[in-house]
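Asker: whatever this is, show me its structure:
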Amino acid sequence: MTIKSVKTHVLSSPVERPFTSSRGWLYKTRGTCLVEIETRDGVVGWGECYGPSAVAKAFIDTQLGPRVVGRDPFDVEVVWEDLYNRIKDYGPKGMSIAAISGIDIALWDIIGKSCGKPVHKLLGGAFRTEVDAYATGLYFTDMDRLIDEAVEEAEGYVKDGFKAVKMKIGLGSIERDVERVAAVRAAIGPDIRLMVDANHCFSVPTAIRLGRRLEEFDIEWFEEPISPEDIDGYVEVSRALDMAVAGGENEFTRWGFRDAIVRKAMDIVQPDVCAAGGLTECKKIAAVASTHGVECVPHAWGSAIGLAATVHFLASLADQPPSLFPFPPMLEFEQCENPFRDHLSTVPIHQVDGKVAVPTGPGLGIEIDRSIIDRYRVG
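Answerer: All right, here's what the predicted structure looks like:
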C-alpha cells in the first residue's frame, strides 16, 4: 500500500454571534484546514490542522505533502520523523507542526480503515468506552450582560447534561472576574465541575492574586493563567495555588513540553492532537507526563475530525493516577458555533449526560460529508 495523493481543504464559515476572550480577538468566522490522503488502493484518510488554515495548507502543499506521496501509510513513525527533520531547521514549533499533525491523523485513519480497526485499538487499546466531556464556552459576547449571559449559558449546558463547564475569565479587573465566576458557581451548584481559562492574559502576581480568590469556588483548574513562554512564571503560579494549573495548548512536540513537565510547571498539560504533532507525538507527550505525575487532558478546538481523533487519544490514556475511583481525563467539547464540528461528519459526535461514546468504526470512526466541504471551501 502506498500513498497516491495528499490534498488540503481550507474551509471557512461566518459566525452569527461573534465572541471574544481575554486576548481581545473577535471571532467572526470559524475555519479549518482538512487533510485528505488517498492510497493507490483507494483508502482515504482524514486529518485536521490547528491554527490559520492558509498557513497549514502552504506547508503541506509545498513542503510536506510531496514527501509523503509514494510512502507506505503504515510507516507512520518513519513519516513523522522524516517530516519533522525536513522542517526542524526553521519550524520546530507552530504551524509547521500543526501541518504535520494533520498528515499524521490522516495516516492513522488510513491504517485503521485498512485493518478494519478503530484508531484507539492501534494506539494500544481503549481504557474506557466513553469519555467524560466538559462544555467549553462562556466567552464574552454582550459586554453589557457579561454576568447574565454567562449564567444563562452555563445553566443551559447543565440542562443539556454536561457535568463540567469551562468559562473564560480576564475582564481586566480581579473583582469583575470574581463576581462573574461566583455567579456561575451559584447558578450551576456545587456538584458541577467548573474550570476557568484566562487565555494567558495575566502577569504572575495578578494570576496568583486572582487564583487565590477563585479557590473558594472549588475550581477544577486554572487554565493558561500567564504567557505560555514563561515556564518560570508557571512554576511560581503552580506553587502558590492549591487548585490545579493547566496549560500547553500553545506548545508543540515532546521537546516543547519537556521542560514544563520535568519542572512540574503545570499540574495538567493540554496538547492538541491537531497542533502538537498528531496522535503519534501526543502519545509520547502523554507518556512523558505520566512519568512525572502530570496529568494529560488534551485541548480540542476544531471540526469533527479533530474531535474524533481527540476522543480516540483520550480512550488510549490510562487513568493518572490509577485508583479504585479514578479521575479519568476529560474531553474538551467546545460549544461555540461551528458547522464543521456539527455537520462535517454524517453522524455528528454528541454527548449524552456529559459523556461521549468512543467511536468503534474503522479508523477515526466517522464518515465525512463532502457536501459540507464543497459548501464552505475557500481554498
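Asker: now do stretch 272-289: distance to the chain's middle.
Answerer: Centroid displacement of stretch 272-289 relative to its chain, using CA atoms, centre = their mean, to the nearest Å, is 11 Å.
Asker: do stretch 169-186 as well
Answerer: Its chain's average C-alpha position is 25 Å from that of stretch 169-186, according to CA atoms, centre = their mean.
Asker: equivalent analysis for stretch 50-68, please.
Answerer: What separates the centre of stretch 50-68 from the centre of its chain is 20 Å, taken as CA atoms, centre = their mean.
Asker: mind listing what's buried in that stretch?
Answerer: 50-51, 53, 55-60, 63-65, 68 (16 or more other CB atoms under 10 Å). Just so you know, the C-beta spots here come from the backbone N, C-alpha and C atoms, and that holds for glycine as well.
Asker: what's the answer for stretch 197-210, then?
Answerer: In terms of neighbour count (16+ other CB under 10 Å), stretch 197-210 has its buried residues at D197, A198, N199, H200, C201, F202, V204, T206, A207, I208, L210.
Asker: what about it, start to end distance?
Answerer: Terminal residues of stretch 197-210 lie 12 Å apart, using CA to CA, to the nearest Å.
Asker: one more: stretch 260-277?
Answerer: 17 Å.
Asker: pLDDT on that stretch, on average?
Answerer: The pLDDT scores in stretch 260-277 average 98.
Asker: got it, and stretch 91-111?
Answerer: 98.
Asker: which one among the buried residues of stretch 197-210 gets closest to T29?
Answerer: N199 (18.3 Å; CB to CB).
Asker: wait, what's in contact with that closest one?
Answerer: Neighbour list for N199: S21, S22, R23, K168, G170, E224 [criterion: CB atoms under 8 Å, 6 or more residues apart in numbering].
Asker: if we go to 7 Å?
Answerer: S21, S22, R23, G170, E224 (CB atoms under 7 Å, 6 or more residues apart in numbering).
Asker: before we move on, what about K117?
Answerer: In this structure, K117 makes contact with P362, judged by CB under 7 Å, 6+ apart.
Asker: okay, now the closest residue in space to T206 that isn't next to it in sequence: neighbour count?
Answerer: Closest residue to T206 apart from its sequence neighbours, by CB to CB, 6 or more residues apart in numbering: I174 at 7.1 Å. Applying other CB atoms under 10 Å, we find 16 other residues in the vicinity of I174.
Asker: can you redo the contacts of N199 as TSV with distance to F257?
Answerer: Below are the contacts of N199 laid out as TSV (distance: CB to CB, whole Å):
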residue	distance to F257
S21	23
S22	23
R23	22
G170	24
E224	14
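Asker: give me the buried subset of these.
Answerer: By 16+ other CB under 10 Å, those give S21, S22, G170, E224 as buried.
Asker: between those residues, which sits nearest D82?
Answerer: E224 (32.3 Å).
Asker: my read: the closest one touches A198, true?
Answerer: Yes: with contact defined as CB atoms under 7 Å, E224 reaches A198; the gap is 5.5 Å.
Asker: contacts for the longest strand belonging to the chain, please.
Answerer: Criterion DSSP state E: the longest strand present in the chain is strand 3-19. Residues from elsewhere that reach strand 3-19, judged by CB under 7 Å, 6+ apart: 26-40, 53-54, 57, 60-61, 65, 68-71, 73, 139-141, 336-337, 339-340, 373, 376-379.
Asker: pretty sure F333 is touching H350, no?
Answerer: No: judged on CB under 7 Å, F333 makes no contact with H350 at a distance of 9.1 Å.
Asker: so which of these two has more stuff around it?
Answerer: F333 (26 against 12).
Asker: how close does the residue nearest to I366 when sequence neighbours are not counted get to P228?
Answerer: Spatially, and ignoring its direct neighbours in sequence, I366 is nearest to S345 (4.2 Å; CB to CB, 6+ apart). Distance, S345 to P228, using CB to CB, to the nearest Å: 31 Å.
Asker: more neighbours: which of these two?
Answerer: With neighbours defined as other CB under 10 Å, S345 and P228 compare such that S345 has more, 23 against 16.
Asker: run through the bridge partners of that one.
Answerer: I368 (DSSP bridges).
Asker: and it, what does it touch?
Answerer: A304, I366, E367, I368, D369.
Asker: again, 8 Å this time
Answerer: Contacts for S345 (CB under 8 Å, 6+ apart) come out as A304, I305, A308, I366, E367, I368, D369.
Asker: format those residues as CSV; extra columns: neighbour count and pLDDT.
Answerer: Below are the contacts of S345 laid out as CSV (neighbours: other CB atoms under 10 Å; pLDDT from 0 to 100):
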residue, neighbour count, pLDDT
A304, 26, 98
I305, 28, 98
A308, 28, 98
I366, 23, 98
E367, 14, 98
I368, 20, 98
D369, 16, 98
